[in-house]
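Engineer: This is a predicted model, with the sequence first.
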Amino acid sequence: MPKGRLEAFTDGVMAIIITIMVLELKVPDGFELDSLLTVVPKLLIYLLSFVFVGIYWMNHHHTLHATKKVTGGILWANLSLLFWLSLFPFVADWMGENLFRPLPSAAYGFILLMAGVSYLILQKSIIASDGENSSLKKAVGNDWKGMVTSGLIVLAVIFSFFQTCLSLIIYILITIIWMVPDRRIEKILSSGDE
């Protein structure tokens with residue numbers, strides 16, 4: 001399969017995920033500021049989730065540019081990533097409705113962690129397919145950023161059960177860490193060191 005087809009399919013699924021998330025937002029009852037304040041938690045979780053999906057979309061785009069060929073293993077790894085990302089509308093809505101409740105916050109972190117693990121598997125599948133001298137392997141190296149992020153997510157899930165506000169702060173911190181697209185792949189590709 002050409003990697004362009006995989007990228008187009010993934011783009012479509014991510015667009016649907018974002019669309020479903022925004023459709024979960026309901027218009028407030030009333031037209032006063034008080035009624036708008038009742039939907040602020042859902043808006044904030046939507047914003048956080050939108051940024052997470054956007055981060056995955058940008059990094060997926062960069063990752064596929066460094067990919068030479070698409071194998072069956074890469075297709076399955078990509079489907080795993082899309083599966084976990086497709087659960088974002090559910091956990092975002094649940095967390096938005098129950099902002100400082102332990103289980104929705106922990107579930108949000110669990111889905112975030114599984115998406116991260118799936119992304120790591122996707123990277124490993126691409127590196128295995130392209131070989132140890134692959135552009136992606138040179139770019140990501142030991143992926144300290146991914147490991148730190150995984151550790152922070154695990155902490156956030158744990159904090160969900162006794163300090164839910166802190167878990168939300170950690171989720172926001174993770175978006176800040178990843179807000180700027182990962183430039184490591186761009187640098188390798190632009191240097192011609194493929």
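Structural biologist: Structure received.
Engineer: next one: phi and psi at the residue of the chain most remote from its centre?
Structural biologist: Here the centre of the chain is the reference, and by CA atoms, centre = their mean the most remote residue is Glu32, at 34.6 Å. The phi and psi values for Glu32, taken as degrees, to the nearest 10, are phi -90, psi 160.
Engineer: Over to the one 4 residues further on?
Structural biologist: Its backbone dihedrals place Leu36 at phi -70, psi -40, with angles given as degrees, to the nearest 10.
Engineer: Which residues are in contact with it?
Structural biologist: Taking CB atoms under 8 Å, 6 or more residues apart in numbering, we find Leu36 in contact with Pro28. Quick note: C-beta positions are derived from backbone N, CA and C, even for glycine.
Engineer: Where does pLDDT dip in the protein?
Structural biologist: In the predicted model, the chain carries pLDDT under 70 at residues 180-184, 186, 188-189, 191-194.
Engineer: Do a quick rundown of the helices in it.
Structural biologist: 3-23, 33-37, 40-65, 72-86, 88-97, 102-130, 135-140, 144-160, 164-178, 183-190 (DSSP state H).
Engineer: With just CA atoms, put the second one into CSV.
Structural biologist: Extracted in CSV, the C-alpha atoms of helix 33-37 (Å, rounded to 0.1, in the frame of the first residue of the first chain):
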residue,chain,number,x,y,z
LEU,A,33,-23.5,34.2,31.5
ASP,A,34,-24.6,31.8,34.2
SER,A,35,-25.8,29.3,31.6
LEU,A,36,-22.6,29.6,29.6
LEU,A,37,-20.5,28.9,32.7
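Engineer: Can you mark which positions in that helix are buried?
Structural biologist: When neighbours are counted by 16 or more other CB atoms under 10 Å, no buried residue of helix 33-37 is found.
Engineer: residue contacts, Leu120?
Structural biologist: Counting by CB under 8 Å, 6+ apart, Leu120 touches 143, 146.
Engineer: which residue sits closest to Thr175, ignoring its sequence neighbours?
Structural biologist: Excluding its sequence neighbours, the residue lying closest to Thr175 (CB to CB, 6 or more residues apart in numbering) is Val51, at 4.8 Å.
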